[in-house]
Structures are given as C-alpha cells and as structure tokens.
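[1] My questions are about this predicted structure, shown below with the sequence.
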Amino acid sequence: MKPFSLETVLKYRKRLEDIAKNRLYEAQTAMQRVRERLEAEEQHFADLIATVDRRQIEGIDILELIRYEEQIQFSKNRVATIRKNLEEKTARVVEEREILVRRSKERKVMEKLKTRQNQAWREYLGKKEAAMLDEIAVIFHER
C-alpha cells in the first residue's frame, strides 16, 4: 500500500511559513515607522535645544525661556516613549524572525521526509517488480 501523501501537510507547512513571512514583514515595517518617528523627534529635540541656545545669546524673556524649557521636556519625554516603543517593535521583529526560521525548518523537514518516503516507495516497487520478473522467468523456465 502506498504511504500517506505528505502533500497536504507540506501545503499546510508552506502556508504557516508564508504567514510567518508576512508577520515578519509587518513587524519590520512597524519598526521602521517607529524608527523614523524617533529620528524626527530627536531632530525636533535638537532643534529646540539649538533654538534656546541661540535665543539665550540674543537675549530672551524669562517667560519665553520657560515655554521653551517645557517644550524641551515634553520632547525629551516623547523621545523616551518612542525609544521604548522601538525596543518593543525590535523585540517583536526578533520574535517573528525566530518563528519564521522555525516554520521554515519544519517545512524543510517535511520535504525531506516526503523525499525519503517517495524513495523508499520506489525502492519497494522496484523490489516487487524484480520479484515478479523473477517469478515470471521461473514460470517460463519451467515450461
């Protein structure tokens, strides 16, 4: 009897691998968006610092200085929040990459199993055919 066809299992494994690829892509895209937001916020923070420095040299009103300091603190907090978010997104990318590697290995194992199973089946059929040919040869030889 022919062994179980692993085609359905292989399709399922391939689908799992494709899903893992898509999830990794989505995680990488989300991480890149956060990275770009972080760069923009860091640039805004640096611009605020430069503006305050320039304004202090030119002479600045105390209320305006306080307003700038509040903006700087707000921007600093946003940078910290975005950095934390980036760390989370990076961790998710690492996790999704590990899942993809595992799914890929699982699919490759099933492909190897299918190859070995098909080879064993061909060998079995070859032996059966050889045995039948031997039997036919014996029958013709006895006549």
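    Structure's in. What do you need?
[2] same for the helix or strand harbouring residue 15, what does it pack against?
    Using DSSP states H and E, residue 15 falls within helix 7-58. When contacts are defined as 3 or more C-beta pairs under 8 Å, 6 or more residues apart in numbering; DSSP states H and E, helix 7-58 packs onto helix 62-142. C-beta here means a position set from N, CA and C on the backbone, and glycine is covered the same way.
[3] Quick one: mean pLDDT for the helix it packs on?
    Average pLDDT, helix 62-142: 93.
[4] now for that helix, which elements pack on it?
    Using 3+ C-beta pairs under 8 Å, 6+ apart, helix 62-142 sits against helix 7-58.
[5] Contact partners for residue 100?
    By C-beta atoms under 8 Å, 6 or more residues apart in numbering, the contact list for residue 100 reads 17, 20, 21, 23, 24.
[6] can you list the residues you listed in TSV and add distance to residue 34, neighbour count and pLDDT?
    Below are the contacts of residue 100 laid out as TSV (distance: C-beta to C-beta, whole Å; neighbours: other C-beta atoms under 10 Å; pLDDT from 0 to 100):
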residue	distance to residue 34	neighbour count	pLDDT
17	26	20	95
20	21	19	97
21	21	15	97
23	17	17	97
24	16	20	97
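[7] Out of the residues you listed, flag the one nearest to residue 118.
    Closest approach to residue 118 among the contacts of residue 100 (C-beta to C-beta): residue 17, at 21.1 Å.
[8] shouldn't the closest one be in contact with residue 103?
    Yes. Counting by C-beta atoms under 8 Å, residue 17 touches residue 103, with 4.3 Å between them.
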